[in-house]
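Novice: how would this look folded up:
(one chain, ligands or ions: 1)
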Amino acid sequence: MANIDFKKRDSFTSKYGVIAAAAGSAIGLGNIWRFPYVVGENGGGAFLFIYLAFIFAIGIPVMLSEFTIGRSAQLNPYGAFKKLAPGKPWYLVGLMGVGAAFMILAFYTAVAGWTFEYIYQSIINGFEGKNSNELGVMFDSFRESSFRPILWFAIFMFLTSWIVISGIKNGIEKYAKILMPLLLVLIIVLCVRSITLPGASAGLKFLFKPDFSKITTNTVLQALGQAFFSLSIGMGTLITYGSYISKKNNLGNTAVSVSLADTFIAILAGVAIFPAVFAFGIAPSAGEGLVYKTLPAIFQQMPGGYIFSLMFFILLGVAALTSTISVLEVIVAYFVEELGMVRKKATIVASLSVSVLGILSVMSWGALKNVTLFGENIFEILNYTSANILLPLGGLLIVAFIGWYYGGAKTKAELSNNGTLKAKYFPVFIFIIKFIAPIAIAFVFLNSVGIIKF
Ligand code: PHE
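Specialist: Below you'll find the predicted structure:
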């Protein structure tokens, strides 16, 4: 049994299944939890504008490059680079991706665990009668406590591993197809409630009206980092998923559909959150607690809030789960294909080792709150470094690989399914990959590190 697992690669079974699974990876806490608070900390509309420019000009081409690498090689990120560039150091890009997967999974699962606390609080009606101040205190004291956040972390990690052990087509694909549309419906309901709150327009203005005086070089880097984080690109998640995509699939269409879905959900999350933030007088720059503090306040005010609250946090957990699976899969595929472990052992080893770092990040507001670097706690360091440094750097190297090493001919063959599809976008794509994307990423990077000044 174990040997069969090792030899035969699992794969997605349908076009919609691929999109649902890849969108399942892309859509997650990055859209609903991270996007609103990063927008809030970076001044609103102007940030959104830059973010969108990065998604379309750079994000989609990077995603397509990852799919190309994965589907050409049919291997995990490390193995893929080794196969496509034998004897060259490109495999280091794959290794960096595996490292980034460890870091992301460590802090991301912590936040995912918080959804369980909020599901529990929804069930026991724990938000009842609390004003937004008290809800804020409730979140902060939960996060500082020593036992519960670790328990929820462990349960979430267990669930992630359990699904990864059972493979791709029977787990992820099936659930993603049902649960992603349901998430969409719920977010729309929340948007409607939020924009009909008194004082909501200030929130919409904040989100959509660009004030470019708020933009600093760090803001631009944060927008790039958020775009990469949200699309799940720059670390090989979509190389891994690409390796499970059938040779008949249209990679261009898939990348565009996934990116549009991801962007749409992020904007809806902003529309659900900012009007409420302003209506309830919460600071938009409240940081990682923003969503956990505002949403319960909205639920309190809406008819049927009890049931919506419960459904929302369940779905937030599910959205997080379809993302944590994709991150763990990167590590597991590497362990299985490169270190020769069977899938089950690979999953257990991977999740236990991630948990060590994960528990440290969970404790960032409690026992370890004084462990800081540049004033940031362990959680924030993992969050900032992975999204704003490792993913853009990985993305830069991935586009450089396709544009300058792998080359136009082989890439075109992959994207056009050996000439059976049109891929009319190809000249634009290859131009972006060769020139625009690498220059833009390098520029944003060097600028924010202070090596060049704009
Ligand atoms: N894109 C996911 C989200 O928005 C997070 C993620 C990042 C997943 C990187 C995989 C790789 O929640």
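
Novice: what's the closest residue to F12 other than its chain neighbours in contact with, if anything?
Specialist: The shortest distance from F12 to any non-neighbouring residue, by Cβ to Cβ, 6 or more residues apart in numbering, is to V18 (4.6 Å). (Each C-beta comes from the backbone N, C-alpha and C, glycine too.) If you count contacts by Cβ atoms under 8 Å, 6 or more residues apart in numbering, V18 has them with 12, 241, 245-246, 249, 254.

Novice: rerun at 6 Å
Specialist: Under the criterion of Cβ atoms under 6 Å, 6 or more residues apart in numbering, the neighbours of V18 are 12, 245, 249, 254.

Novice: For G407, see how far away the last one is.
Specialist: This means T254. The gap separating T254 from G407 is 22 Å, by Cβ to Cβ, to the nearest Å.

Novice: Which of those two has more residues huddled nearby?
Specialist: In this comparison of T254 against G407, neighbours counted by other Cβ atoms under 10 Å, the higher total goes to T254 at 22 against 12.

Novice: Secondary structure element holding that one?
Specialist: Element membership for T254, per DSSP states H and E: helix 251-279.

Novice: can you pull the buried residues of the next helix or strand after that helix?
Specialist: The helix or strand immediately downstream of helix 251-279 is helix 290-301, counting by DSSP H and E. Of the residues in helix 290-301, those buried by neighbour count under the rule 16 or more other Cβ atoms under 10 Å are 290-300.

Novice: quick one, helix 290-301 and helix 251-279 angle?
Specialist: Following axes from the mean of the first three to the mean of the last three Cα atoms, to 10 degrees, one obtains 60 degrees for the angle between helix 290-301 and helix 251-279.

Novice: Outside of helix 290-301 itself, list whatever touches it.
Specialist: When contacts are defined by Cβ under 6 Å, 6+ apart, helix 290-301 is touched by residues 33, 36-37, 127, 132, 135-136, 139, 194, 273, 276-277, 280, 282, 305, 308-309.

Novice: wait, does the helix or strand following it make contact with the ligand?
Specialist: Note on helix 290-301: by DSSP H and E, the next helix or strand toward the C-terminus is helix 305-339. Yes: in terms of Cβ under 6 Å from any ligand atom, part of helix 305-339 sits within range of the ligand, namely 323, 326-327.

Novice: The closest residue to the ligand within the stretch 301-450 of the chain: neighbour count?
Specialist: For the stretch 301-450 of the chain, the residue positioned closest to the ligand under Cβ to the nearest ligand atom is S323, at a distance of 4.2 Å. A total of 26 residues lie near S323 under the criterion other Cβ under 10 Å.

Novice: And for F401?
Specialist: F401 has 21 neighbours, counted by other Cβ under 10 Å.

Novice: pLDDT score for it?
Specialist: The confidence metric pLDDT takes the value 98 at F401.

Novice: next one: L182
Specialist: L182 is assigned a pLDDT of 81 by the prediction.
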